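**Q** pasted the sequence and its predicted model underneath.
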Amino acid sequence: MSTSDTSLTLAIYEGFAHDRLDRWDAIFHPDVVINSPAGRDVVGRDALKAWIGAFIAAFRPRVDLIDHYVAGERALLTINLHWQHDGAPFFGIAPTGVGGTSVETLMLRLKDGLVTHFDVADNSLDLAIYLHERGMALPRQVTPPALIAG
């Protein structure tokens, strides 16, 4: 994959936006490490797909692609989730009908054309606050490895 080939980031976006998570089998390492406001150091492509599948079933989001790029062994997607919790329960949280948006940046590390790290940063907090207010534990004092420590 060249540094300007964005087919990987588009495949991630399209898999999420159209609930085609089966497409992720070819682009995520089986032992991908996942970090997000909902959990840290989760390991595995199947765990990622199960979490995203549960999110889609519960919140039925419309997913807008805001930006994406691939640069060497790093990639980035920024998406806006338009969500409403009127689908399935979400990890024990019953649907409430509450909705909102969540602008999220997916920071990816790549090796041999596969995603090995999937880190989610929330740029807006509607969804994080919603989940926290309903009892979902959110990670605190997160310190990811720095490229340059200041």
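**A** Here it is on my side, so go on.

**Q** the protein: strands as residue ranges?
**A** 28-36, 39-43, 62-71, 74-84, 99-111, 114-122 (DSSP state E).

**Q** contacting residues for I12?
**A** By Cβ atoms under 8 Å, 6 or more residues apart in numbering, I12 lies in contact with 24, 27, 77, 106, 108, 115. Just so you know, the C-beta spots here come from the backbone N, C-alpha and C atoms, and that holds for glycine as well.

**Q** same thing with R62?
**A** Listed by Cβ under 8 Å, 6+ apart, the contact set of R62 reads 17, 81-82.

**Q** ok, and what's touching the biggest helix by length in the chain?
**A** Determined from DSSP state H, the single longest helix within the chain is helix 45-59. By Cβ under 8 Å, 6+ apart, the surrounding residues in contact with helix 45-59 are 16, 19, 21, 24-25, 28-32, 34, 38-39, 42, 61, 81, 83-85, 87-91, 93, 95, 118.

**Q** swap the cut-off to 7 Å and go again
**A** By Cβ atoms under 7 Å, 6 or more residues apart in numbering, the residues outside helix 45-59 that reach it are 16, 19, 21, 24-25, 28-30, 32, 34, 83-85, 87-91, 95, 118.

**Q** which one of the contacts of I12 sits closest to P139?
**A** For the contacts of I12, the residue nearest P139 by Cβ to Cβ is L106; the value is 16.5 Å.

**Q** what's around the residue lying closest to the closest one once chain neighbours are set aside, how many residues?
**A** Closest residue to L106 apart from its sequence neighbours, by Cβ to Cβ, 6 or more residues apart in numbering: L77 at 4.4 Å. L77 has 23 neighbours, counted by other Cβ atoms under 10 Å.

**Q** fine by me, we can end here.
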